[in-house]
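Peer 1: Below are the sequence and a predicted model for it; my questions follow.
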Amino acid sequence: MRPITLDPRTKLAMIFGVSFIVMVNAVTPLEWAIRIAITMIPILLMISEGKYAAAFRFSLLYGIALLLLKCFLSSESTGFLSAMLLGYCGIIAQFMPAMITAWYVIRTTKIGEFMSAMQKMHVPDGIAVSLAVVMRFFPTLKEEYSAISDAMRMRGIAFGGGKVSKMIEYRMIPLLFSCVSIGEELSAAAVTRGLGAPMKRTSPYELRLKAADWIIFGIFALFVGLFVAVKYLR
Amino acid sequence: MIEIKNVNFSYKGSLDAGLHDVSLQIHDGETVLLCGASGCGKTTILRLINGLIPHYYKGELSGSVNVSGKRIEQTELYELASIVGTVFQNPRSQFFSVDTDGEITFGTENIGIPPAEILRRKSDVTKEFALEPLLDKSLFALSGGEKQKIACASVSALMPEIMLLDEPSSNLDWNAIGELAEVIRKWKAQGKTIVISEHRLWYLKDLVDRVIFLENGVILHEWSRQEFAAMSASELSALGLRPVTLEEQYIREFSGDLAALHSAEPAVMCDNDILIRDLYFTYHPPKYVLWKKKLCAEHSADYTLAVPELRLPHASVIGLIGRNGAGKSTFLRCLCGLEKDCPVQMVLDGETAFGKRILKKRYMVMQDVNHQLFTDSVEAEVLLSMPDESPEKAQKLIDELGLSGYEQTHPMALSGGQKQRVAICSALAADAEILLFDEPTSGLDHKHMTMVAALLKSLAKRGKTVIVSTHDPELISLCCDRILCLEKGRVRYLRKV
């Protein structure tokens, strides 16, 4: 399947739409229906990226979480097991869809496209550049973090020798040191290539909203509108 | 034309050496090499030319720097962007984008070049550096050599007349260095002025017009290409420089077919040999629905790394060589037990270890040691590794590794070499039998490299088995007993040096 290319602006709208609907508490069956329908979107996104197995696994987990929430758990449930289950369902049903959408957006958006989209939305360069750096830093953070985790496992202190405070300290201190030094070198490399010049930035990407973008905008407008209507305007 | 006149500089709030009364003229179209030990001021000179001093790195500056008729002090960095281009040492931290295309055009976008012109320049540099296969990829998926090529292209797209390169070969293998030399040759042919700061000198000897030698922030010597080429290995090493011709000779030997002739050495059979079995790993695991499939010999033809069986001699230093991407780092990670999917087994002193148990007996000193220093003092760092926290034993190790006096110092405040020794100290404290080093000498000058070599040898004397992955033929000649060569994730040969 050919991956669908979307405009960064559509992707941003998608993150906001999915997060809003999935995170807000759903009570009535109609609200649940909207929420489940919107969860299909991250699943479709995974499929469009060729992650069939992952999409299947997520759907399965999501199904189980829903079933558990519906049949066994209520706000009155107490006890260790139900607390654990509630935690699991919360993560799968409420956070995962938003996280998958964010993963998709970061994975498929080039920083150049993103900057150009920001410019079209008249976001000041300062903010756009900072956001771009954040996006650029995600993979770096991941690399650094996993290197540090490896080092901790090698030392046998992955769990801080039993102390939670140590566990966090050992992880965060090397991470902060390396991020600070990478950040410093990164900005030195960027300013020597003209970052921060007062002239207007240009971009070789020509962004135009295409049919796919309008369709997605339409779907989201419909769902979010409906959701707000049934939840708050009755 | 670059003109540096009577410059004194000292960094603010940092012990990094500055410059003392440095004067230097570089003419248009000249290629100049700056060499000398770490901290001699090579990088500082480059920062003067690209304006990072005084605009980014603060400090006390006197004297004057003029580049292409502009006074650097009064010129903004963005104005210099299209005059001076810089390629930095560390490919990890010089990229602004995540994708290759964006990185190539990044500079041109910043200074507001029209989109059509950006695209034209992008296709020009793509053709020039043969980057076609690298376009539209994630930068995080590229090898060190490929990253450095993209960095060169990104600078080239700004079409500056002056190119600065700050130890560009530190993380590159011999082939990638050859490609880098090719890029420099192209720039030279275009008439660009090139200034390179570098420890590894062999690949530049036919490219440079002039060589400048610095020590403690002072220019001590200046040679022409002919004078420099005529210098003997002993003269160079007296100055703490790496040999120029020796390295080429090793490279021919290690990477050429000559090596294949030696490969017929029979497997060493000793009782205390270390036996490694079933070392398989792949970056493209077979697709699975619910359960991961185990890696096994049967499908090993498709794997990134496959070493069915390997015997390594005990208490020796084994040099692990191979091109970038041959699987050296992954081999070390698997051996260390860090790759969970790798089913490796290890027989040591008649005992078979696998999985988590492997981690206990091995220790890897990573390329970036900063990742493995966790505590607030050297002593605490060593104690942390000990199963039974014995301060006397820790003190003994600290003394043996020449770190006495630094017990209470914060590890992050130490120099690179000292940090490396702290990491080795923790490894010894943890009673590790096999010590793995991932390119411990990349970016080190001659003096520090010989120190590392001596250290590795002393570890082998203690009865530890040392495996060191490296691109550094000098290190191999100084300390390795065996060479293990990997090619495309398979063992090509294991032989005596």
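Peer 2: Sure thing, it's come through.
Peer 1: what's the nearest residue to the residue most central in space within chain A if we skip its chain neighbours?
Peer 2: Chain A has A:A102 as the residue nearest its centroid, 2.4 Å off, counting by Cα atoms, centre = their mean. Of all residues beyond its chain neighbours, the one nearest A:A102 is A:I15 (5.9 Å), with distances taken as Cβ to Cβ, 6 or more residues apart in numbering or on different chains. C-betas here are computed from N, CA, C, even on glycine.
Peer 1: so where do the helices sit in chain A?
Peer 2: Secondary structure of chain A by DSSP state H: the helices cover A:8-23, A:29-48, A:52-71, A:80-90, A:96-108, A:111-120, A:125-155, A:164-191, A:211-232.
Peer 1: so how far is the third one from its chain's centroid?
Peer 2: Which is helix A:52-71. In terms of Cα atoms, centre = their mean, to the nearest Å, the centre of helix A:52-71 is set 19 Å apart from its chain centre.
Peer 1: can I see the domain layout of chain A?
Peer 2: Split into domains by automatic domain parsing, chain A comes to A:8-110+A:208-232, A:122-191.
Peer 1: Including mean pLDDT and distance to B:C152, could these go into a markdown table?
Peer 2: A markdown table is the format used below for the domains of chain A (pLDDT from 0 to 100; distance: least, Cβ to Cβ, whole Å):
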| stretch | mean pLDDT | distance to B:C152 |
| --- | --- | --- |
| domain A:8-110+A:208-232 | 85 | 21 |
| domain A:122-191 | 85 | 13 |
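Peer 1: Out of the ones you listed, flag the one nearest B:M364.
Peer 2: Closest to B:M364 of those, according to Cβ to Cβ: domain A:122-191, at 6.3 Å.
Peer 1: which SS class is B:A353?
Peer 2: strand (DSSP: H, G, I helix; E, B strand; the rest coil).
Peer 1: Looking at it now. What's its pLDDT?
Peer 2: Per-residue pLDDT puts B:A353 at 74.
Peer 1: okay, now it: neighbour count?
Peer 2: Per other Cβ atoms under 10 Å in any protein chain shown, the neighbour tally for B:A353 reads 19.
Peer 1: So it versus chain A, what's the distance?
Peer 2: 14 Å (Cβ to the nearest Cβ, to the nearest Å).
Peer 1: my guess is that residue contacts B:V344, does it?
Peer 2: No - the pair B:A353 / B:V344 is not scored as a contact, 9.4 Å apart, by Cβ atoms under 8 Å.
Peer 1: hmm, back to that, so the residue nearest to A:A102 touches A:P97, yeah?
Peer 2: No - applying Cβ under 8 Å, one finds A:I15 not in contact with A:P97, separated by 10.6 Å.
Peer 1: Of these two, give the one with the bigger neighbour count.
Peer 2: A:P97 (26 against 15).
Peer 1: what sits against the more buried one?
Peer 2: A:P97 makes contact with A:18, A:22, A:38-39, A:41-42 under the criterion Cβ atoms under 8 Å, 6 or more residues apart in numbering or on different chains.
Peer 1: Show the model's pLDDT score for the nearest residue to B:E30 once chain neighbours are set aside.
Peer 2: Nearest residue to B:E30 in three dimensions, chain neighbours excluded: B:D209, at 5.1 Å (Cβ to Cβ, 6+ apart). On pLDDT, B:D209 comes in at 95.
Peer 1: what about B:D209, how many residues close to it?
Peer 2: 16.
Peer 1: what's the spacing between the closest residue to A:A93 other than its chain neighbours and B:L165?
Peer 2: Nearest non-adjacent residue to A:A93, counting by Cβ to Cβ, 6+ apart: A:A65, 4.7 Å away. Separation of A:A65 from B:L165 (Cβ to Cβ, to the nearest Å) stands at 54 Å.
Peer 1: between these two, which one's more packed in?
Peer 2: B:L165 (28 against 20).
Peer 1: So the more buried one belongs to a strand, correct?
Peer 2: Yes - secondary structure of B:L165 (three-state DSSP): part of a strand.
Peer 1: how about it, what does it touch?
Peer 2: B:86-87, B:184, B:194-198.
Peer 1: contacts with chain A among those residues, please.
Peer 2: Contacts with chain A within the contacts of B:L165, as defined by Cβ under 8 Å from any Cβ of the partner chain: B:T86.
Peer 1: Looking at the contacts of A:P97, which is nearest A:P198?
Peer 2: A:V18 (37.4 Å).
Peer 1: Roughly how far does the closest residue to the closest one other than its chain neighbours sit from A:L66?
Peer 2: Nearest residue to A:V18, sequence neighbours excluded (Cβ to Cβ, 6+ apart): A:T101, at 4.6 Å. In this view, A:T101 and A:L66 are 18 Å apart by Cβ to Cβ.
Peer 1: again, but for B:L48
Peer 2: Distance from B:L48 to A:L66, by Cβ to Cβ: 64 Å.
Peer 1: Okay, buried residues for stretch B:294-313 please.
Peer 2: Within stretch B:294-313, the residues scored as buried using 16 or more other Cβ atoms under 10 Å in any protein chain shown are B:295, B:300, B:303, B:305-307, B:310, B:312-313.
Peer 1: looking at the helices of chain A, which is buried most?
Peer 2: helix A:111-120 (a mean of 22; mean count of other Cβ atoms under 10 Å in any protein chain shown).
Peer 1: Does chain B have contacts with that one?
Peer 2: Yes - Helix A:111-120 comes into contact with chain B (Cβ under 8 Å from any Cβ), by way of A:111-112, A:115.
Peer 1: So which elements touch that helix?
Peer 2: The helices and strands touching helix A:111-120, judged by 3 or more Cβ pairs under 8 Å, 6 or more residues apart in numbering or on different chains; DSSP states H and E, are helix A:8-23, helix A:125-155, helix B:100-110.
Peer 1: Just want the angle from it to helix B:100-110.
Peer 2: 40 degrees (axes from the mean of the first three to the mean of the last three Cα atoms, to 10 degrees).
Peer 1: just the angle between helix A:111-120 and helix A:96-108, please?
Peer 2: Using the same axes, to 10 degrees: helix A:111-120 against helix A:96-108 is 110 degrees.
Peer 1: that older thread, want to throw the residues of helix A:111-120 next to chain B into JSON lines with pLDDT?
Peer 2: Putting the residues of helix A:111-120 next to chain B into JSON lines (pLDDT from 0 to 100) gives the following:
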{"residue": "A:I111", "pLDDT": "85"}
{"residue": "A:G112", "pLDDT": "84"}
{"residue": "A:M115", "pLDDT": "87"}
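Peer 1: Mind listing residues that contact stretch B:176-190?
Peer 2: B:29, B:31, B:128-129, B:143-146, B:148-149, B:152, B:156, B:163, B:165, B:168-169, B:172, B:194, B:196, B:200, B:203-204, B:207, B:324.
Peer 1: Can you mark which positions in that stretch are buried?
Peer 2: So, applying 16+ other Cβ under 10 Å, buried residues of stretch B:176-190: B:176-177, B:179-181, B:183-184, B:187-188.
Peer 1: Confirm B:Y280 sits in a strand?
Peer 2: Yes - assignment of B:Y280 by three-state DSSP places it within a strand.
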